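Trainee: Let's see this in three dimensions:
(one chain, ligands or ions: 1)
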Amino acid sequence: MNMLLTIFQKIRKSVYMFLYFLDSKVLKRNAEIIVICYHDIGEEGGFSVRLKDFIRQIDTLKDLEDHMEGKKKIKSPSFILTFDDGYRGILSTVPYLERNRIKPTVFVISSKVKEKGQNDSYLSLPDLKALMNKGWHIGNHSKSHIPLTGINDLTMREEILSSTQTLSESLGTKIRYFAYPYGRYNGKVTDRLSHNNYDLGLTMDDNTFDKVTNRYQIPRIGINKSHGFSEFKATISPSVIKFRAFAKKIGIGNLFSILMDLKDKSYD
Ligand SMILES: [Zn+2]
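Mentor: Next up is the predicted model:
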């Protein structure tokens with residue numbers, strides 16, 4: 001399993017580096033605004049990213065932003081940082097992000113948000129309030145993190161409407177952003193968001209973001225531990241983003257997630 005994963009990672013890296021070279025040296029183009037999605041920050045799990053890697057990655061994005069601002073006027077910020085699931089591990093990023101005045105959005109699973117000490121894997125209600133005081137935004141990631149496609153109306157009400165109410169009441173603020181669990185959505189889900197006065201719905205579709213992007217289909221680039229630093233830099237390049245969308249469409253992207261998952265399990 002590990003060998004297959006290594007081969008897969010090597011091929012992916014070569015494709016990314018080639019496309020990155022094409023974008024940066026030949027076509028000379030950059031994605032203007034990208035939304036990045038992380039899960040946990042820490043040593044454990046394939047979908048988390050180590051704190052030092054995270055800082056290095058975000059530092060690069062800041063450089064990219066400066067570089068782009070020098071070249072042409074781009075509305076700041078040129079990258080938007082999001083964290084999904086509301087893991088406690090992301091608290092380790094607070095000092096760094098605060099120093100750099102970066103204010104992310106955290107998408108929480110409402111049933112996991114408890115009072116302090118009741119569930120140590122996830123951010124508690126006081127944690128979220130403290131982050132809000134630092135200017136972070138809190139978004140909804142459903143009540144129980146089930147895929148929202150293919151569920152009945154009653155369940156959908158629970159997952160979107162009740163969780164919105166729970167979060168806005170407990171946090172004392174309007175919840176305006178929603179991230180679809182597993183990035184899965186359809187017309188019914190997006191309709192529900194617009195009826196509930198959500199401003200944005202965030203997907204895991206690989207794409208760049210511009211003025212014509214549907215506000216309930218905001219694309220995001222998912223980053224996890226399997227992306228080395230050079231790959232990370234390539235990941236935010238337009239041709240690589242298009243390649244990722246293609247890979248997902250034909251199923252390669254999913255295969256990779258499955259391999260990662262199996263590798264993680266075999267380490268347990
Ligand atoms: Zn999630």
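
Trainee: When you work out contacts or count neighbours from here on, use the C-alpha atoms and nothing else.
Mentor: OK.

Trainee: what about the helices in the protein?
Mentor: 2-21, 51-71, 94-99, 125-133, 153-156, 163-171, 187-195, 229-235, 238-249, 252-267 (DSSP state H).

Trainee: give me the number of residues near whichever residue of the stretch 101-250 of the chain sits closest to the ion?
Mentor: Nearest to the ion in the stretch 101-250 of the chain, going by C-alpha to the ion, is residue 181, at a distance of 4.8 Å. Here the number of neighbours of residue 181 (other C-alpha atoms under 10 Å) works out to 24.

Trainee: try the one 3 residues further on
Mentor: Number of residues near residue 184 (other C-alpha under 10 Å) recorded here: 16.

Trainee: residues in the stretch 51-200 of the chain within reach of the ion, list them.
Mentor: 85, 181 (C-alpha under 5 Å from the ion).

Trainee: again, only this time at 8 Å
Mentor: Within reach of the ion by C-alpha under 8 Å from the ion, the stretch 51-200 of the chain has these residues: 84-85, 107, 109, 141, 145, 179-183.

Trainee: that older thread, ranked by average pLDDT, which of the helices of the chain falls at the bottom?
Mentor: Ranked by mean pLDDT, those bottom out at helix 252-267, with a mean of 58.

Trainee: show me what contacts residue 141?
Mentor: 84-85, 107-110, 178-181 (C-alpha atoms under 8 Å, 6 or more residues apart in numbering).

Trainee: would CSV of these with pLDDT be doable?
Mentor: Shown next, in CSV, are these (pLDDT from 0 to 100):
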residue, pLDDT
84, 96
85, 96
107, 97
108, 98
109, 97
110, 97
178, 96
179, 97
180, 97
181, 96
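
Trainee: tell me the two of those residues that are most distant?
Mentor: Farthest-apart pair in the contacts of residue 141 is 110 and 180; separation 13.0 Å (C-alpha to C-alpha).

Trainee: quick revisit: hmm, which two among the residues of the stretch 51-200 of the chain next to the ion are most spread apart?
Mentor: Maximum pairwise distance in those, criterion C-alpha to C-alpha, is 13.8 Å, between 109 and 183.

Trainee: Looking at those two, which one has more neighbours?
Mentor: Taking other C-alpha under 10 Å, residue 109 and residue 183 do not tie; residue 109 has more neighbours (26 against 16).

Trainee: residues touching that one, list them.
Mentor: By C-alpha under 8 Å, 6+ apart, the contact list for residue 109 reads 85-86, 140-145.

Trainee: Identify the residue nearest the geometric centre of the protein.
Mentor: Nearest to the geometric centre of the chain sits residue 37, at 1.6 Å (C-alpha atoms, centre = their mean).

Trainee: That one and residue 83 touch, don't they?
Mentor: Yes - with contact defined as C-alpha atoms under 8 Å, residue 37 counts as touching residue 83 (5.6 Å).

Trainee: Just the ones of the contacts of residue 141 in strands?
Mentor: 84-85, 107-108, 178-179 (DSSP state E).

Trainee: Could you tell me which of these count as buried?
Mentor: Among the ones in strands among the contacts of residue 141, those buried by neighbour count (16 or more other C-alpha atoms under 10 Å) are 84-85, 107-108, 178-179.

Trainee: Let me have those in CSV, extended by distance to residue 61.
Mentor: Below are those laid out as CSV (distance: C-alpha to C-alpha, whole Å):
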residue, distance to residue 61
84, 19
85, 23
107, 21
108, 24
178, 24
179, 22
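
Trainee: before we move on, back to that, the contacts of residue 109 in strands, which ones?
Mentor: Assigned to strands by DSSP E, the following of the contacts of residue 109 qualify: 85, 140.
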